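**Q** Structural data only, the sequence is not supplied:
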């Protein structure tokens, strides 16, 4: 039985959630629950998974609706440019990486030391990009090199 206290419904103020358009709700729900230790608080319509102090909301895509005219939601296709991604901060990236790989997560690279942080990226079953990072040097005032202009780099130091 799900408790409404676990839903992203603030008594006052606001909470921030992230919505993902997915191809298969069950597959994505399982990925976020297993890899990130999330709690499924609503299985479908929409799916809501509570992860740490935030929520990922998932539903299949679709065409415009009265409240979002001229907007079509689709999951990314392979090779699509990335304009937004989840950013997950962890206390121990080596442990997270090892546990996530054991659960079937496929990372683009192993964690890389970027001076300010150690970070790596993975994709969810629909191809949404997820950054996983651990603050290191930034805690001591050391920040990553920018790597040139945003067009040359990733726009993320």
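**A** Sure, I can see it. The structure presented is a predicted model; accordingly, all values stated were derived computationally and were not measured.

**Q** Let me see the ranges of the strands in this protein.
**A** Remark: strands assigned in the chain by DSSP state E are 17-21, 39-42, 47-51, 54-59, 86-89, 112-113, 117-123, 129-135.

**Q** As a markdown table, these with mean pLDDT and mean neighbour count would be great.
**A** C-beta here means a position set from N, CA and C on the backbone, and glycine is covered the same way. Output for these, formatted as a markdown table (pLDDT from 0 to 100; neighbours: other Cβ atoms under 10 Å):
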| stretch | mean pLDDT | mean neighbour count |
| --- | --- | --- |
| strand 17-21 | 97 | 16 |
| strand 39-42 | 96 | 16 |
| strand 47-51 | 97 | 22 |
| strand 54-59 | 97 | 20 |
| strand 86-89 | 97 | 16 |
| strand 112-113 | 96 | 12 |
| strand 117-123 | 97 | 20 |
| strand 129-135 | 97 | 19 |
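
**Q** out of those, which comes closest to residue 68?
**A** strand 17-21 (11.4 Å; Cβ to Cβ).

**Q** tell me what that closest one is packed against?
**A** strand 54-59 (3 or more Cβ pairs under 8 Å, 6 or more residues apart in numbering; DSSP states H and E).

**Q** Residues contacting the strand it packs on, please?
**A** 7-8, 15-22, 25, 28-29, 32, 38, 41, 45-49, 73, 86 (Cβ atoms under 8 Å, 6 or more residues apart in numbering).

**Q** by how many degrees do it and strand 47-51 diverge?
**A** Strand 54-59 runs at 160 degrees relative to strand 47-51, counting by axes from the mean of the first three to the mean of the last three Cα atoms, to 10 degrees.
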